[in-house]
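# compute the structure for the input listed below.
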Amino acid sequence: MSTLQTRIPFHLAFPVRDIAEARAFYGELLGCPEGRSAPEWVDFDFYGHQIVAHLAPDECGHKAQNAVDGHDVPVRHFGAILPMDAWQALADKLVARKTQFVIEPYIRFKGEPGEQATMFFLDPSGNAIEMKSFANLDSLFAV
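Alright, predicted model coming up:
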């Protein structure tokens, strides 16, 4: 059985400068339900995956970029692959909230294998997030 069929959740821990900011961003803006927490960390259900914001202000931010499809993509980033309607709803919500995008929502690799909708933005701690969607999920690993 392929990984896409089994949909095994991943776990990701990352640094934030402030737990209350993380709760507002991931919980309120992105709509991720909160799980367990302590004063120094908080779990979120990030579209079916477990992410954990750890208080570590000195570890925050991104520094390097690589060129991809004519854009400077933050090297260190994470995100989720959403159904197209959910991706568009999130893009619309972020635009309406005047989110500053690193890369505004658009279709990457148009007409090529792996065509995808993508957008990049930063959380309040400078962690880069990419949200994407594929019209055909079978092209996720297309070459």
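
# and the lengthiest helix in the chain, what does it pack against?
Using DSSP state H to define each element, the chain has its longest helix at helix 84-96. Counting contacts by 3 or more Cβ pairs under 8 Å, 6 or more residues apart in numbering; DSSP states H and E, helix 84-96 is packed against strand 101-108, strand 116-122, strand 128-133. Every residue, glycine included, has its C-beta placed from N, CA and C.

# average pLDDT for the longest one, rounded please.
Mean pLDDT, strand 101-108: 94.

# what does that strand contact?
By Cβ atoms under 8 Å, 6 or more residues apart in numbering, the surrounding residues in contact with strand 101-108 are 68-69, 71-74, 91, 94-95, 115-122, 128.

# recalculate using a threshold of 6 Å.
Applying Cβ atoms under 6 Å, 6 or more residues apart in numbering, the external contacts of strand 101-108 come out as 69, 71, 91, 116, 117, 118, 119, 120, 121.

# closest to residue 43 among those?
residue 121 (21.3 Å; Cβ to Cβ).

# bridging residues for that closest one?
Counting by DSSP bridges, residue 121 is bridged to residue 101, residue 129.

# do the same with residue 55
Residue 55 has the following beta-bridge partners by DSSP bridges: residue 16.

# point out where this structure drops to low pLDDT.
Counting by pLDDT under 70, the chain has low-confidence residues at 1-5.

# tell me which residues form a beta bridge with the most centrally placed residue in the chain?
Central residue of the chain (Cα atoms, centre = their mean): residue 79, 2.5 Å from the mean position. Counting by DSSP bridges, residue 79 forms beta bridges with residue 130.

# quick one: it from residue 40, how far?
24 Å (Cβ to Cβ, to the nearest Å).

# sorry, back to before: take the helices and strands packed on helix 84-96 and lay them out in JSON lines including distance to residue 61 and mean neighbour count.
What follows is the helices and strands packed on helix 84-96, written out as JSON lines (distance: least, Cβ to Cβ, whole Å; neighbours: other Cβ atoms under 10 Å):
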{"stretch": "strand 101-108", "distance to residue 61": "12", "mean neighbour count": "16"}
{"stretch": "strand 116-122", "distance to residue 61": "9", "mean neighbour count": "21"}
{"stretch": "strand 128-133", "distance to residue 61": "9", "mean neighbour count": "20"}
